[in-house]
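[1] Sequence below, structure please.
(2 chains)
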Number of protein chains: 2
Amino acid sequence: MRDEFRADLHIVSQLLVDMAEGVRSAMRQATRALLTADRQAAETVIERDAEIDDLYRHVEERVCDLLARQAPVASDLRAMITALHVAADLERMGDLADHVAKTALRRHPSPAVPAELRQIFTDMAAIADRMAEKIGSVLAKPDADIAAELDRDDDAMDELHKHLFGVLLGDDWPYGVETAIDATLLGRFYERFADHAVNAGEHVVYLITGETAASPS
Amino acid sequence: MRDEFRADLHIVSQLLVDMAEGVRSAMRQATRALLTADRQAAETVIERDAEIDDLYRHVEERVCDLLARQAPVASDLRAMITALHVAADLERMGDLADHVAKTALRRHPSPAVPAELRQIFTDMAAIADRMAEKIGSVLAKPDADIAAELDRDDDAMDELHKHLFGVLLGDDWPYGVETAIDATLLGRFYERFADHAVNAGEHVVYLITGETAASPS
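    Okay, here's the model as predicted:
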(Lines give C-alpha, C1' and ligand atoms only; values in the text may rest on other atoms or scores of the structure.)
Protein backbone atom coordinates (compact mmCIF):
# COMPACT_ATOMS: atom_id res chain seq x y z
CA MET A 1 0.00 0.00 0.00
CA ARG A 2 2.76 2.37 0.99
CA ASP A 3 4.78 1.58 -2.13
CA GLU A 4 1.70 1.98 -4.24
CA PHE A 5 1.05 5.37 -2.68
CA ARG A 6 4.64 6.45 -3.40
CA ALA A 7 4.30 5.36 -7.02
CA ASP A 8 1.05 7.31 -7.41
CA LEU A 9 2.52 10.35 -5.72
CA HIS A 10 5.43 10.18 -8.14
CA ILE A 11 3.03 10.26 -11.10
CA VAL A 12 1.24 13.29 -9.64
CA SER A 13 4.58 15.02 -9.05
CA GLN A 14 5.63 14.31 -12.62
CA LEU A 15 2.41 15.89 -13.91
CA LEU A 16 3.16 18.97 -11.79
CA VAL A 17 6.70 19.10 -13.22
CA ASP A 18 5.19 18.96 -16.71
CA MET A 19 2.83 21.79 -15.80
CA ALA A 20 5.68 23.89 -14.44
CA GLU A 21 7.69 23.35 -17.63
CA GLY A 22 4.67 24.19 -19.76
CA VAL A 23 4.01 27.36 -17.79
CA ARG A 24 7.64 28.43 -17.97
CA SER A 25 7.76 27.88 -21.70
CA ALA A 26 4.45 29.74 -22.14
CA MET A 27 5.66 32.83 -20.28
CA ARG A 28 8.96 32.83 -22.20
CA GLN A 29 7.16 32.75 -25.51
CA ALA A 30 4.58 35.29 -24.38
CA THR A 31 7.40 37.65 -23.43
CA ARG A 32 9.04 37.14 -26.83
CA ALA A 33 5.71 37.88 -28.48
CA LEU A 34 5.43 41.02 -26.38
CA LEU A 35 8.93 42.38 -26.87
CA THR A 36 9.43 41.47 -30.53
CA ALA A 37 5.81 41.68 -31.75
CA ASP A 38 6.12 37.99 -32.69
CA ARG A 39 2.65 36.98 -33.82
CA GLN A 40 3.40 33.29 -34.12
CA ALA A 41 4.81 33.08 -30.60
CA ALA A 42 1.66 34.76 -29.27
CA GLU A 43 -0.61 32.37 -31.13
CA THR A 44 1.36 29.36 -29.93
CA VAL A 45 0.98 30.41 -26.29
CA ILE A 46 -2.77 30.91 -26.71
CA GLU A 47 -3.24 27.56 -28.47
CA ARG A 48 -1.17 25.65 -25.96
CA ASP A 49 -2.89 26.98 -22.86
CA ALA A 50 -5.40 24.15 -23.29
CA GLU A 51 -2.54 21.66 -22.73
CA ILE A 52 -1.81 23.20 -19.33
CA ASP A 53 -5.51 23.08 -18.50
CA ASP A 54 -5.56 19.39 -19.49
CA LEU A 55 -2.61 18.66 -17.21
CA TYR A 56 -4.50 20.39 -14.40
CA ARG A 57 -7.47 18.09 -14.98
CA HIS A 58 -5.17 15.08 -15.04
CA VAL A 59 -3.69 16.05 -11.68
CA GLU A 60 -7.16 16.38 -10.22
CA GLU A 61 -8.32 13.06 -11.68
CA ARG A 62 -5.21 11.29 -10.41
CA VAL A 63 -5.62 12.76 -6.94
CA CYS A 64 -9.31 11.81 -6.79
CA ASP A 65 -8.51 8.33 -8.02
CA LEU A 66 -5.78 7.98 -5.42
CA LEU A 67 -8.00 9.26 -2.60
CA ALA A 68 -10.74 6.83 -3.60
CA ARG A 69 -8.46 3.80 -3.96
CA GLN A 70 -6.07 4.33 -1.11
CA ALA A 71 -7.89 6.57 1.37
CA PRO A 72 -4.65 8.14 2.60
CA VAL A 73 -4.60 9.86 5.99
CA ALA A 74 -2.35 12.31 7.81
CA SER A 75 0.64 13.55 5.82
CA ASP A 76 -0.20 11.47 2.74
CA LEU A 77 -3.66 13.03 2.59
CA ARG A 78 -2.16 16.45 3.12
CA ALA A 79 0.24 15.82 0.23
CA MET A 80 -2.68 15.15 -2.08
CA ILE A 81 -4.48 18.36 -1.11
CA THR A 82 -1.24 20.26 -1.52
CA ALA A 83 -0.77 18.85 -5.02
CA LEU A 84 -4.18 20.29 -5.91
CA HIS A 85 -3.08 23.72 -4.66
CA VAL A 86 0.16 23.63 -6.65
CA ALA A 87 -1.71 22.55 -9.77
CA ALA A 88 -4.24 25.38 -9.34
CA ASP A 89 -1.43 27.94 -9.03
CA LEU A 90 0.35 26.58 -12.09
CA GLU A 91 -2.88 26.56 -14.11
CA ARG A 92 -3.39 30.23 -13.25
CA MET A 93 0.22 31.04 -14.18
CA GLY A 94 -0.54 29.55 -17.59
CA ASP A 95 -3.56 31.85 -17.90
CA LEU A 96 -1.40 34.87 -17.12
CA ALA A 97 1.07 33.92 -19.86
CA ASP A 98 -1.95 33.62 -22.15
CA HIS A 99 -3.05 37.16 -21.15
CA VAL A 100 0.41 38.55 -21.98
CA ALA A 101 0.29 36.82 -25.37
CA LYS A 102 -3.19 38.20 -26.08
CA THR A 103 -2.06 41.72 -25.22
CA ALA A 104 0.86 41.35 -27.66
CA LEU A 105 -1.52 40.05 -30.33
CA ARG A 106 -4.04 42.86 -29.81
CA ARG A 107 -1.41 45.48 -30.68
CA HIS A 108 0.33 43.48 -33.43
CA PRO A 109 2.12 44.50 -35.64
CA SER A 110 2.83 47.43 -33.30
CA PRO A 111 4.74 46.54 -30.15
CA ALA A 112 2.53 46.68 -27.04
CA VAL A 113 5.49 47.91 -25.00
CA PRO A 114 7.25 51.16 -25.94
CA ALA A 115 11.02 51.54 -25.86
CA GLU A 116 11.00 53.26 -22.43
CA LEU A 117 9.44 50.18 -20.81
CA ARG A 118 11.32 47.41 -22.61
CA GLN A 119 13.96 47.06 -19.92
CA ILE A 120 11.40 46.86 -17.10
CA PHE A 121 9.44 44.13 -18.85
CA THR A 122 12.62 42.32 -19.84
CA ASP A 123 13.61 42.29 -16.15
CA MET A 124 10.14 41.26 -14.96
CA ALA A 125 10.13 38.42 -17.48
CA ALA A 126 13.59 37.27 -16.35
CA ILE A 127 12.35 37.03 -12.76
CA ALA A 128 9.16 35.25 -13.84
CA ASP A 129 11.28 32.77 -15.78
CA ARG A 130 13.59 31.91 -12.93
CA MET A 131 10.62 31.57 -10.55
CA ALA A 132 8.90 29.11 -12.88
CA GLU A 133 12.19 27.24 -13.23
CA LYS A 134 12.51 27.00 -9.44
CA ILE A 135 9.02 25.55 -9.08
CA GLY A 136 9.95 22.88 -11.62
CA SER A 137 13.24 22.07 -9.95
CA VAL A 138 11.87 21.92 -6.39
CA LEU A 139 9.12 19.59 -7.59
CA ALA A 140 11.70 17.33 -9.18
CA LYS A 141 14.21 17.57 -6.31
CA PRO A 142 13.08 18.70 -2.85
CA ASP A 143 14.88 21.75 -1.46
CA ALA A 144 13.34 23.61 1.44
CA ASP A 145 15.43 26.75 0.83
CA ILE A 146 13.60 27.44 -2.39
CA ALA A 147 10.68 29.22 -0.70
CA ALA A 148 13.03 31.86 0.67
CA GLU A 149 14.54 32.33 -2.80
CA LEU A 150 11.10 32.69 -4.34
CA ASP A 151 10.23 35.30 -1.72
CA ARG A 152 13.30 37.30 -2.69
CA ASP A 153 12.42 36.98 -6.38
CA ASP A 154 8.92 38.19 -5.58
CA ASP A 155 10.33 41.22 -3.73
CA ALA A 156 12.40 42.05 -6.80
CA MET A 157 9.27 41.70 -8.96
CA ASP A 158 7.35 44.05 -6.66
CA GLU A 159 10.16 46.62 -6.91
CA LEU A 160 10.03 46.50 -10.71
CA HIS A 161 6.26 46.79 -10.56
CA LYS A 162 6.56 49.95 -8.45
CA HIS A 163 9.22 51.30 -10.79
CA LEU A 164 6.85 50.70 -13.72
CA PHE A 165 4.19 52.88 -12.10
CA GLY A 166 6.85 55.52 -11.45
CA VAL A 167 7.64 55.68 -15.17
CA LEU A 168 3.96 55.68 -16.19
CA LEU A 169 3.21 58.51 -13.76
CA GLY A 170 6.29 60.58 -14.58
CA ASP A 171 5.72 64.06 -15.98
CA ASP A 172 7.56 63.07 -19.12
CA TRP A 173 5.43 60.01 -20.00
CA PRO A 174 4.96 60.57 -23.72
CA TYR A 175 2.56 57.82 -24.77
CA GLY A 176 -0.87 58.68 -23.47
CA VAL A 177 -3.52 56.58 -21.86
CA GLU A 178 -3.79 53.52 -24.12
CA THR A 179 -0.15 52.51 -23.75
CA ALA A 180 -0.36 53.20 -20.00
CA ILE A 181 -3.40 50.90 -19.71
CA ASP A 182 -1.60 48.10 -21.57
CA ALA A 183 1.48 48.52 -19.39
CA THR A 184 -0.65 48.55 -16.22
CA LEU A 185 -2.32 45.27 -17.12
CA LEU A 186 0.92 43.68 -18.34
CA GLY A 187 2.63 44.70 -15.11
CA ARG A 188 -0.15 43.09 -13.15
CA PHE A 189 0.08 39.86 -15.18
CA TYR A 190 3.79 39.42 -14.40
CA GLU A 191 3.31 40.41 -10.77
CA ARG A 192 0.44 37.92 -10.30
CA PHE A 193 2.53 35.24 -12.03
CA ALA A 194 5.17 35.80 -9.35
CA ASP A 195 2.56 35.69 -6.55
CA HIS A 196 1.31 32.32 -7.75
CA ALA A 197 4.89 31.05 -8.02
CA VAL A 198 5.44 32.03 -4.37
CA ASN A 199 2.24 30.24 -3.36
CA ALA A 200 3.15 27.14 -5.33
CA GLY A 201 6.65 27.16 -3.82
CA GLU A 202 5.25 27.45 -0.28
CA HIS A 203 2.97 24.52 -0.91
CA VAL A 204 5.79 22.39 -2.28
CA VAL A 205 7.97 23.23 0.72
CA TYR A 206 5.10 22.34 3.02
CA LEU A 207 4.94 19.03 1.22
CA ILE A 208 8.64 18.45 1.88
CA THR A 209 8.91 19.70 5.44
CA GLY A 210 5.31 19.52 6.70
CA GLU A 211 6.21 22.64 8.62
CA THR A 212 5.15 25.77 6.85
CA ALA A 213 1.48 26.14 6.05
CA ALA A 214 1.00 28.49 3.15
CA SER A 215 -1.48 31.24 3.92
CA PRO A 216 -4.03 32.25 1.29
CA SER A 217 -3.01 35.31 -0.67
CA MET B 1 -21.79 6.46 7.90
CA ARG B 2 -23.98 7.99 5.24
CA ASP B 3 -25.80 10.17 7.78
CA GLU B 4 -22.52 11.19 9.29
CA PHE B 5 -21.23 12.19 5.86
CA ARG B 6 -24.38 14.27 5.22
CA ALA B 7 -23.94 16.03 8.56
CA ASP B 8 -20.31 16.83 7.78
CA LEU B 9 -21.18 18.00 4.29
CA HIS B 10 -23.77 20.30 5.79
CA ILE B 11 -21.15 21.88 8.04
CA VAL B 12 -18.85 22.43 5.06
CA SER B 13 -21.74 23.96 3.07
CA GLN B 14 -22.54 26.28 5.95
CA LEU B 15 -18.93 27.47 6.05
CA LEU B 16 -19.14 28.18 2.31
CA VAL B 17 -22.38 30.13 2.84
CA ASP B 18 -20.62 32.16 5.55
CA MET B 19 -17.75 32.81 3.13
CA ALA B 20 -20.15 33.92 0.39
CA GLU B 21 -21.88 36.31 2.79
CA GLY B 22 -18.56 37.67 4.01
CA VAL B 23 -17.36 38.20 0.46
CA ARG B 24 -20.60 39.91 -0.57
CA SER B 25 -20.47 42.22 2.41
CA ALA B 26 -16.78 42.97 1.73
CA MET B 27 -17.41 43.99 -1.89
CA ARG B 28 -20.43 46.12 -0.90
CA GLN B 29 -18.35 47.99 1.66
CA ALA B 30 -15.37 48.26 -0.68
CA THR B 31 -17.63 49.82 -3.30
CA ARG B 32 -19.00 52.28 -0.75
CA ALA B 33 -15.43 53.14 0.22
CA LEU B 34 -14.62 53.67 -3.45
CA LEU B 35 -17.63 55.76 -4.44
CA THR B 36 -17.97 57.88 -1.30
CA ALA B 37 -14.30 58.03 -0.22
CA ASP B 38 -15.37 56.33 3.02
CA ARG B 39 -12.15 55.64 4.87
CA GLN B 40 -13.71 53.57 7.63
CA ALA B 41 -15.49 51.28 5.18
CA ALA B 42 -12.18 50.70 3.39
CA GLU B 43 -10.35 49.90 6.62
CA THR B 44 -13.10 47.52 7.72
CA VAL B 45 -12.85 45.54 4.48
CA ILE B 46 -9.07 45.28 4.79
CA GLU B 47 -9.23 44.21 8.45
CA ARG B 48 -11.94 41.64 7.87
CA ASP B 49 -10.27 39.92 4.92
CA ALA B 50 -8.48 37.76 7.49
CA GLU B 51 -11.88 36.39 8.57
CA ILE B 52 -12.57 35.17 5.05
CA ASP B 53 -9.10 33.62 4.92
CA ASP B 54 -9.84 31.88 8.24
CA LEU B 55 -13.09 30.46 6.88
CA TYR B 56 -11.15 29.16 3.89
CA ARG B 57 -8.75 27.36 6.22
CA HIS B 58 -11.69 25.94 8.18
CA VAL B 59 -13.24 24.55 5.00
CA GLU B 60 -9.96 22.92 4.10
CA GLU B 61 -9.46 21.47 7.59
CA ARG B 62 -13.01 20.13 7.66
CA VAL B 63 -12.63 18.54 4.24
CA CYS B 64 -9.30 16.94 5.18
CA ASP B 65 -10.77 15.69 8.43
CA LEU B 66 -13.76 14.26 6.61
CA LEU B 67 -11.58 12.58 3.95
CA ALA B 68 -9.42 11.03 6.66
CA ARG B 69 -12.29 9.81 8.85
CA GLN B 70 -14.78 8.70 6.23
CA ALA B 71 -12.74 7.98 3.09
CA PRO B 72 -15.61 8.92 0.79
CA VAL B 73 -15.61 7.65 -2.79
CA ALA B 74 -17.39 8.50 -6.03
CA SER B 75 -19.78 11.46 -5.82
CA ASP B 76 -19.14 12.08 -2.12
CA LEU B 77 -15.42 12.40 -2.78
CA ARG B 78 -16.11 14.66 -5.74
CA ALA B 79 -18.29 16.84 -3.51
CA MET B 80 -15.39 17.35 -1.13
CA ILE B 81 -13.00 18.36 -3.91
CA THR B 82 -15.64 20.69 -5.31
CA ALA B 83 -16.08 22.35 -1.91
CA LEU B 84 -12.34 23.12 -1.98
CA HIS B 85 -12.72 24.78 -5.40
CA VAL B 86 -15.66 26.90 -4.28
CA ALA B 87 -13.80 27.96 -1.14
CA ALA B 88 -10.73 28.93 -3.22
CA ASP B 89 -12.87 31.06 -5.54
CA LEU B 90 -14.59 32.76 -2.61
CA GLU B 91 -11.29 33.42 -0.87
CA ARG B 92 -10.01 35.11 -4.02
CA MET B 93 -13.19 37.18 -4.32
CA GLY B 94 -12.47 38.44 -0.81
CA ASP B 95 -8.98 39.45 -1.93
CA LEU B 96 -10.42 41.41 -4.83
CA ALA B 97 -12.77 43.32 -2.49
CA ASP B 98 -9.68 44.03 -0.39
CA HIS B 99 -7.88 45.40 -3.49
CA VAL B 100 -10.81 47.73 -4.25
CA ALA B 101 -10.76 48.97 -0.65
CA LYS B 102 -7.00 49.55 -0.79
CA THR B 103 -7.34 51.56 -4.00
CA ALA B 104 -10.01 53.74 -2.32
CA LEU B 105 -7.74 54.21 0.68
CA ARG B 106 -4.71 55.10 -1.42
CA ARG B 107 -6.53 58.07 -2.95
CA HIS B 108 -8.39 59.12 0.21
CA PRO B 109 -9.68 61.79 0.86
CA SER B 110 -9.91 62.23 -2.93
CA PRO B 111 -12.29 59.85 -4.68
CA ALA B 112 -10.43 57.20 -6.72
CA VAL B 113 -13.21 57.29 -9.32
CA PRO B 114 -14.03 60.53 -11.16
CA ALA B 115 -17.61 61.60 -11.88
CA GLU B 116 -17.54 60.30 -15.46
CA LEU B 117 -16.91 56.74 -14.25
CA ARG B 118 -19.19 56.61 -11.21
CA GLN B 119 -22.10 55.10 -13.09
CA ILE B 120 -19.97 52.36 -14.66
CA PHE B 121 -18.53 51.34 -11.30
CA THR B 122 -21.95 51.59 -9.64
CA ASP B 123 -23.28 49.18 -12.28
CA MET B 124 -20.28 46.84 -12.04
CA ALA B 125 -20.69 46.75 -8.26
CA ALA B 126 -24.42 46.00 -8.58
CA ILE B 127 -23.64 43.00 -10.79
CA ALA B 128 -20.87 41.83 -8.45
CA ASP B 129 -23.30 42.08 -5.55
CA ARG B 130 -26.03 40.00 -7.14
CA MET B 131 -23.49 37.39 -8.28
CA ALA B 132 -22.18 37.03 -4.72
CA GLU B 133 -25.77 36.81 -3.48
CA LYS B 134 -26.52 34.03 -5.99
CA ILE B 135 -23.53 31.99 -4.85
CA GLY B 136 -24.80 32.25 -1.29
CA SER B 137 -28.35 31.29 -2.19
CA VAL B 138 -27.39 28.35 -4.43
CA LEU B 139 -25.16 27.00 -1.67
CA ALA B 140 -28.05 27.24 0.77
CA LYS B 141 -30.70 25.94 -1.63
CA PRO B 142 -29.68 23.96 -4.74
CA ASP B 143 -30.84 25.43 -8.04
CA ALA B 144 -29.21 24.24 -11.24
CA ASP B 145 -30.41 27.24 -13.27
CA ILE B 146 -28.18 29.55 -11.31
CA ALA B 147 -25.10 28.85 -13.46
CA ALA B 148 -26.89 30.19 -16.54
CA GLU B 149 -27.89 33.32 -14.61
CA LEU B 150 -24.32 33.84 -13.44
CA ASP B 151 -23.13 33.50 -17.04
CA ARG B 152 -25.52 36.26 -18.09
CA ASP B 153 -24.37 38.44 -15.20
CA ASP B 154 -20.78 37.85 -16.27
CA ASP B 155 -21.61 38.88 -19.84
CA ALA B 156 -23.12 42.11 -18.50
CA MET B 157 -19.95 42.67 -16.44
CA ASP B 158 -17.78 42.13 -19.52
CA GLU B 159 -19.86 44.68 -21.46
CA LEU B 160 -19.38 47.26 -18.72
CA HIS B 161 -15.67 46.46 -18.65
CA LYS B 162 -15.44 47.12 -22.41
CA HIS B 163 -17.44 50.31 -21.99
CA LEU B 164 -15.02 51.43 -19.29
CA PHE B 165 -12.08 51.11 -21.70
CA GLY B 166 -14.10 53.02 -24.29
CA VAL B 167 -14.42 55.95 -21.89
CA LEU B 168 -10.78 55.80 -20.83
CA LEU B 169 -9.61 55.78 -24.45
CA GLY B 170 -12.03 58.46 -25.66
CA ASP B 171 -10.53 61.63 -27.11
CA ASP B 172 -12.23 63.64 -24.39
CA TRP B 173 -10.79 61.72 -21.39
CA PRO B 174 -9.82 64.65 -19.16
CA TYR B 175 -8.03 63.01 -16.23
CA GLY B 176 -4.66 61.83 -17.40
CA VAL B 177 -2.76 58.67 -16.75
CA GLU B 178 -2.99 58.18 -12.98
CA THR B 179 -6.78 58.10 -12.89
CA ALA B 180 -6.80 55.85 -15.96
CA ILE B 181 -4.44 53.40 -14.22
CA ASP B 182 -6.65 53.30 -11.11
CA ALA B 183 -9.75 52.75 -13.25
CA THR B 184 -8.00 50.01 -15.26
CA LEU B 185 -7.08 48.09 -12.12
CA LEU B 186 -10.47 48.66 -10.47
CA GLY B 187 -12.21 47.44 -13.62
CA ARG B 188 -10.09 44.33 -13.56
CA PHE B 189 -10.87 43.68 -9.87
CA TYR B 190 -14.64 43.72 -10.49
CA GLU B 191 -14.31 41.69 -13.67
CA ARG B 192 -12.19 39.02 -11.94
CA PHE B 193 -14.65 38.96 -9.03
CA ALA B 194 -17.35 38.06 -11.57
CA ASP B 195 -15.13 35.38 -13.17
CA HIS B 196 -14.61 33.71 -9.81
CA ALA B 197 -18.34 33.90 -9.09
CA VAL B 198 -19.01 32.09 -12.38
CA ASN B 199 -16.44 29.42 -11.49
CA ALA B 200 -17.85 28.98 -8.00
CA GLY B 201 -21.38 28.74 -9.42
CA GLU B 202 -20.33 26.10 -11.96
CA HIS B 203 -18.75 24.06 -9.21
CA VAL B 204 -21.85 24.28 -7.02
CA VAL B 205 -24.06 23.23 -9.93
CA TYR B 206 -21.72 20.34 -10.62
CA LEU B 207 -22.17 19.38 -6.99
CA ILE B 208 -25.95 19.39 -7.42
CA THR B 209 -26.27 17.76 -10.82
CA GLY B 210 -22.99 15.88 -11.18
CA GLU B 211 -23.27 16.78 -14.84
CA THR B 212 -21.34 19.86 -15.72
CA ALA B 213 -17.63 19.82 -15.05
CA ALA B 214 -16.33 23.35 -14.70
CA SER B 215 -13.36 24.00 -16.91
CA PRO B 216 -10.40 25.96 -15.55
CA SER B 217 -10.47 29.61 -16.50
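
[2] Count the residues that sit near A:Leu105.
    20 (other CB atoms under 10 Å in any protein chain shown). Placement of C-beta: from N, CA and C, glycine included.

[3] Could you do A:Ser13 as well?
    19.

[4] Quick check on it: phi, psi?
    phi -60, psi -40 (degrees, to the nearest 10).

[5] Cross-check the contact I'm expecting between it and A:Pro142.
    No - counting by CB atoms under 8 Å, A:Ser13 stays clear of A:Pro142, with 9.9 Å between them.

[6] Check chain A for the residue nearest chain B and tell me.
    A:Ala71 (3.6 Å; CB to the nearest CB).

[7] excluding its backbone neighbours, what's nearest that residue?
    In space, and not counting its chain neighbours, A:Ala71 is closest to B:Ala71: 3.6 Å by CB to CB, 6 or more residues apart in numbering or on different chains.

[8] ditto for A:Ala132
    A:Arg24 (3.6 Å).

[9] For that neighbour, list the residues it contacts.
    Counting by CB atoms under 8 Å, 6 or more residues apart in numbering or on different chains, A:Arg24 touches A:129, A:132-133, A:136.

[10] are any of these buried, and which?
    A:129, A:132, A:136 (16 or more other CB atoms under 10 Å in any protein chain shown).

[11] Now, these that are in helices?
    For the buried ones among the contacts of A:Arg24, the ones inside helices are A:129, A:132, A:136, with DSSP state H as the criterion.

[12] Need those in JSON lines (columns: distance to B:Ala156 and pLDDT).
    Listed next are those as JSON lines, based on distance: CB to CB, whole Å; pLDDT from 0 to 100:
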{"residue": "A:Asp129", "distance to B:Ala156": "38", "pLDDT": "98"}
{"residue": "A:Ala132", "distance to B:Ala156": "35", "pLDDT": "98"}
{"residue": "A:Gly136", "distance to B:Ala156": "40", "pLDDT": "94"}
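
[13] Now flag whichever of these is closest to B:Gln40.
    A:Ala132 (40.9 Å; CB to CB).

[14] What parts of chain A come near chain B?
    Residues of chain A lying close to chain B by CB under 8 Å from any CB of the partner chain are A:53, A:56-57, A:60, A:63-64, A:67-68, A:71, A:73-74, A:77-78, A:81, A:84, A:88, A:91, A:95, A:165, A:168-169, A:173, A:176-178, A:180-181, A:184-185, A:188, A:215-217.

[15] Out of the residues you listed, which end up buried?
    With neighbours counted by 16+ other CB under 10 Å, those contain buried members at A:53, A:56, A:60, A:63-64, A:67, A:71, A:77-78, A:81, A:84, A:88, A:91, A:95, A:165, A:168, A:173, A:177, A:180-181, A:184-185, A:188, A:216.

[16] Which of those fall within helices?
    Filtering these for helices - DSSP H - leaves A:53, A:56, A:60, A:63-64, A:67, A:77-78, A:81, A:84, A:88, A:91, A:95, A:165, A:168, A:177, A:180-181, A:184-185, A:188.

[17] Grab the most central residue of chain A for me.
    With distances taken as CA atoms, centre = their mean, A:Met93 lies nearest the centre of chain A, 3.4 Å away.

[18] Show the contacting residues for it.
    Per CB under 8 Å, 6+ apart, neighbours of A:Met93: A:23, A:27, A:132, A:193, A:196-197, A:200.

[19] Please work out the angle formed by the directions of the helix or strand containing it and helix B:74-107.
    Per DSSP states H and E, A:Met93 falls inside helix A:74-107. Per axes from the mean of the first three to the mean of the last three CA atoms, to 10 degrees, the angle that helix A:74-107 makes with helix B:74-107 is 60 degrees.

[20] avg pLDDT for helix A:74-107?
    Here helix A:74-107 scores 96 as its mean pLDDT.
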